[in-house]
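Colleague: Could you look at this predicted model? Sequence included:
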Amino acid sequence: MPTSTSAPVRIALFGHVSATPAALTKALGDQGISIEATTQDLAHVDCAIFAVNPSAGIDAETIAAWESFNDYLTPRIMVALALPGADLDFDDAVSLANRVFDQMATPYLVLHSDDGSPAALISLEDLTIRNYLRGLAVISESEPEHKELVADFAEEYRELVDSSGEDAFSAGLLFPAIPVNLDNGIGIDVLVSYLKKLK
């Protein structure tokens, strides 16, 4: 079996304690993605993840960390965590990040169940739906009403991707915002797929 000689991708994670970065680090570790313990040497970070709890806002230290990567064109991902009892949601997190980080790209939007809890994701690229069963994504076609509901968002997303270029994320020019719910596994697979693009 051939062995890879390429260095592992170095990933750093930032976020206020209210955004449970330790829990996100563990969830990624369970998927075989390791997070760098130290973030002192920013020039050698291959990707930075920013965990955001929209109910708590984004603290000055996290904003400064985001801005410190501008000089390096480091790929960055914002993860909006659905937390129990939180009043605000993914849309609020994206609005906040657009103000204090950079323009976010939203490849997926959250679909909610009847009780208002996050239940699935809809792709703005191909309009498929990812339902999560025991942490695994089951992909299916969306209904016509779903397509109509997200049509404007999908058009905005495609325009942003087209104007940024195909490899814009890897080049540090396009910043995905990913909704994640650690309780039911929503979005973890999407986050992992972005990180694997860097290998």
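Modeller: Great, that's in hand. Numbers count the residues shown, from 1 in each chain.

Colleague: If we go by neighbour counts, what in stretch 57-77 is buried?
Modeller: Neighbour-count burial for stretch 57-77, counted by 16 or more other C-beta atoms under 10 Å, picks out 57-59, 62-63, 65-66, 69, 74-77. The C-beta positions use only the backbone N, C-alpha and C, and glycine is treated the same way.

Colleague: out of these, who's nearest Leu83?
Modeller: Nearest to Leu83 among these: Gly57, at 13.2 Å, using C-beta to C-beta.

Colleague: Test for you: state the pLDDT assigned to that closest one.
Modeller: At Gly57, the model reports a pLDDT of 87.

Colleague: Against Asp41, how distant is it?
Modeller: Using C-beta to C-beta, to the nearest Å, Gly57 is found at 28 Å from Asp41.

Colleague: among the buried residues of stretch 57-77, which two are most distant?
Modeller: Gly57 and Pro75 (23.9 Å).

Colleague: Would you point out which residue is most central in the protein?
Modeller: Ile178 (2.7 Å; C-alpha atoms, centre = their mean).

Colleague: who's in contact with it?
Modeller: 77-80, 107-108, 187, 190-191, 194 (C-beta atoms under 8 Å, 6 or more residues apart in numbering).

Colleague: pretty sure it is in a helix, no?
Modeller: No: looking at Ile178 with DSSP: H, G, I helix; E, B strand; the rest coil, it is strand, so not inside a helix.

Colleague: Quick check: beta-bridge partners of it?
Modeller: Note on Ile178: beta-bridge partners Val79, judged by DSSP bridges.

Colleague: Verify the assumption that Tyr132 is located in a helix.
Modeller: No: applying three-state DSSP, one finds Tyr132 to be strand, outside a helix.

Colleague: Could you double-check that it sits in contact with Ala120?
Modeller: Yes: at 6.7 Å, Tyr132 counts as touching Ala120 under the criterion of C-beta atoms under 8 Å.

Colleague: any residues in contact with both of the two?
Modeller: In contact with both Tyr132 and Ala120: Ile186, using C-beta under 8 Å, 6+ apart.

Colleague: sorry, back to before: looking at the contacts of Ile178, point me to the pair that's furthest apart.
Modeller: Of all pairs in these, the most separated under C-beta to C-beta is Ala80 and Tyr194 at 14.0 Å.

Colleague: Looking at these two, which is more packed in?
Modeller: Ala80 (29 against 17; other C-beta atoms under 10 Å).
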